[in-house]
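Colleague: Compute the structure for the input listed below.
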Amino acid sequence: MTEVLLAFADATAPLGVSEIARSCGLSKAVVHRILQSLVTSGLVDYLAETRRYRLGPAAIALGRRATRGNALHAAGMPAIAHLANRTGETTTLTERRGHGRQYIGIVESINPIRITVRTNENVPLWSGASGLSILAFMDPVDIDYVLSGDRPSYTETTLTDPARIRDRLAEIRQRGWAHTAGERVRFSSSVAAPIFDADDSPVGSLSVAYLVERLDDAQHYDLAQLVLSAARDATARLREQETR
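Modeller: Below is the predicted model of the structure:
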């Protein structure tokens, strides 16, 4: 199946079964069966008038997501590396994935006792500073959808009430950054700010994660200004890449 799908990578026009079979070294019968499966999944479109095939919406969406993820990684990693150098704490880069998120980059703290995260793990948007900083700036319809799902308590301080989460989102929109303490992982605190694409859509966030006891409220505010500045830098880098 992979060989058939990759046959479209360099195609400048829709392909027929015979062309694909020749390029893949497969029989036309095998290629036809694979194409039917790809059409069903939306990875390939069938053009009945010409009996030819082209990449479908699902494949195009995957390509765009991969491109965006690579661009976000390239734009965000210098920003979190700078943050890590300034703060000495663990810094993370998060990508929005539909109505969820994943960590796609991390620079670990120099401290012997540190916060760490697992990259490419699906994490909800409604909990944790990284997710909340993204969710706050999403379309209201998407916010409603996220808050309509399950909201398990990760710790005794996890905020799960949708009304209180909405109040928190309004506060985040006003000040531009999110802060949580011990809500996803005990003793872990985080300050995060969103990264926006050229359409002003929140596509990710960056954060500083540290032990709750290390900073007081005044220090949280100072840290938030550093995080905001880094997020703006990442946003500018991402938008520059998108307009090239």
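
Colleague: for the protein, where's the lowest mean pLDDT among helices and strands?
Modeller: Counting by mean pLDDT, DSSP states H and E, the weakest-scoring helix or strand in the chain turns out to be helix 2-6, with a mean of 77.

Colleague: who does it touch, helix- and strand-wise?
Modeller: Using 3 or more C-beta pairs under 8 Å, 6 or more residues apart in numbering; DSSP states H and E as the contact criterion, the secondary-structure elements in contact with helix 2-6 are helix 17-24, helix 28-41. Using the backbone N, CA and C atoms, a C-beta is placed for each residue, glycine as well.

Colleague: Which residue ranges of this protein form helices?
Modeller: Listed from the start of the chain, the chain has helices (DSSP state H) covering 2-6, 17-24, 28-41, 57-87, 129-135, 140-148, 162-175, 217-242.

Colleague: Show me what the second one is in contact with.
Modeller: In this case it means helix 17-24. Helix 17-24 is touched from outside by 3-4, 7, 26-28, 30-32, 35, 51, 53, with contacts defined as C-beta atoms under 8 Å, 6 or more residues apart in numbering.

Colleague: for these, which one is nearest residue 120?
Modeller: Proximity of the contacts of helix 17-24 to residue 120, judged by C-beta to C-beta, is greatest for residue 3, which lies at 25.9 Å.

Colleague: Grab the most central residue of this structure for me.
Modeller: Compute the mean C-alpha point of the chain, and by C-alpha atoms, centre = their mean the closest residue is residue 95, 1.8 Å away.

Colleague: Beta-bridge partners for that residue, please?
Modeller: In this structure, residue 95 has beta-bridge partners residue 102, residue 204, where bridges are defined by DSSP bridges.

Colleague: For it, give me the pLDDT.
Modeller: In the predicted model, residue 95 carries a pLDDT score of 94.

Colleague: about what we covered before: need the helices of the chain in TSV (columns: distance to residue 103).
Modeller: Listed next are the helices of the chain as TSV, based on distance: least, C-beta to C-beta, whole Å:
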stretch	distance to residue 103
helix 2-6	27
helix 17-24	37
helix 28-41	28
helix 57-87	11
helix 129-135	8
helix 140-148	18
helix 162-175	19
helix 217-242	15
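
Colleague: Please identify the deepest-packed of the ones you listed.
Modeller: Mean neighbour count, computed with mean count of other C-beta atoms under 10 Å, is highest for helix 129-135 among those, reaching a mean of 28.

Colleague: now that helix, how far from the chain's geometric center?
Modeller: Averaging C-alpha coordinates over helix 129-135 and over its chain gives two centres that are 11 Å apart (C-alpha atoms, centre = their mean, to the nearest Å).

Colleague: I'd like the average pLDDT over it.
Modeller: When pLDDT is averaged over helix 129-135, the result is 96.

Colleague: ok, residue 191 - contacts?
Modeller: With contacts defined as C-beta under 8 Å, 6+ apart, the neighbours of residue 191 are 129, 177-179, 207-208, 220, 223-224, 227.

Colleague: Report the beta-bridge partners for it.
Modeller: With DSSP bridges as the criterion, residue 191 is bridged to residue 179, residue 208.

Colleague: Just the pLDDT at it, thanks.
Modeller: In this prediction, residue 191 has a pLDDT value of 95.

Colleague: Check residue 205 too.
Modeller: According to the prediction, residue 205 has pLDDT 97.

Colleague: With the one 3 residues further on instead?
Modeller: At residue 208, the pLDDT value in this model is 95.

Colleague: same check, this time on residue 57
Modeller: With respect to pLDDT, residue 57 scores 78.

Colleague: what do you get for the one 10 residues further on?
Modeller: At residue 67 the predicted local distance difference test score is 53.
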